[in-house]
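Novice: quick one: sequence and predicted model below, then my questions.
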Amino acid sequence: MPTILGLSGSLRQASFNAGLLRAAAELAPDGTVIEIGDIRGVPLYDADDEAAKGLPDAVRMLHAQLDSADALLMVTPEYNNSMPGVFKNAIDWMSRGDGLKLFKGKPVALMGASPGGFGTVLSQNAWLPVFRTLKLDMWTAGRLMVSKAGELFDNEGNLTDGKTRDAVKSFVADFARTL
């Protein structure tokens, strides 16, 4: 049974992207588990803090989750035509210590939701050099960019649109088949 670590790059309570990740976990095919990780407790990266205290507990937890996962699913918002700083910061922390070896060769898929009309195309593109640097195995057979998310999610950030739920289900199933 493949296990996928899912990470949302948004901290907002009713985040479209956290809702998209929850939908992916709900709609994963039988035999596939999407374990939702949490970047909320990851502090801003500071090499002096790392040298003095080592890796924060939140990062150690993410390391353990990534180590036990067969793949990584990143669900990224788009802020100012790029990736969110809080998400990049979490991935930067995760690459510290033994983190680089945890990323190497790990399959990764990318999706995201945005209230705008272009989905998260620029954010997803901004992640590509990071994935190359981390030596992740980027799944390129599919990308999911959810546009006009405000019309597809309820006030709590739950994906309610049937067509988009079908697209998520198909995306996750296609990715899981490659694991």
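Specialist: Happy to help now that I have it.
Novice: what number of residues lie near the closest residue to G119 other than its chain neighbours?
Specialist: Spatial nearest neighbour of G119, chain neighbours left out: M145 (2.7 Å); criterion: CB to CB, 6 or more residues apart in numbering. Glycine gets a C-beta too; all of them are placed from N, C-alpha and C. Using other CB atoms under 10 Å, M145 has 19 other residues around it.
Novice: equivalent analysis for A71, please.
Specialist: Quick note: A71 (other CB under 10 Å) scores 23 neighbours.
Novice: with the one 10 residues further on instead?
Specialist: Taking other CB under 10 Å as the neighbour definition, N81 ends up with a count of 12.
Novice: again with T3
Specialist: Applying other CB under 10 Å, we find 14 residues neighbouring T3.
Novice: please apply the same query to the one 10 residues further on.
Specialist: For Q13, the neighbour count with other CB under 10 Å is 8.
Novice: contacts only, for it.
Specialist: The contact partners of Q13, by CB atoms under 8 Å, 6 or more residues apart in numbering, come to G157.
Novice: also A58?
Specialist: Contact analysis of A58 by CB under 8 Å, 6+ apart lists 38-43.
Novice: do you know the pLDDT at it?
Specialist: The per-residue pLDDT reported for A58 equals 98.
Novice: and the spatially most central residue of the chain, helix, strand or coil?
Specialist: By CA atoms, centre = their mean, the chain has its centre lying nearest to M74, at 1.8 Å. Per DSSP: H, G, I helix; E, B strand; the rest coil, the secondary structure class of M74 is strand.
Novice: so it sits right up against W127, yeah?
Specialist: Yes. Between M74 and W127 there is a contact at 7.0 Å, judged by CB atoms under 8 Å.
Novice: ranges for the helices of the protein?
Specialist: For the chain, applying DSSP state H gives helices covering 16-27, 47-53, 57-68, 85-94, 99-103, 121-134, 162-177.
Novice: so which bits of stretch 94-103 are buried?
Specialist: Judged by neighbour count (16 or more other CB atoms under 10 Å), stretch 94-103 contains these buried residues: 94-96, 99, 102-103.
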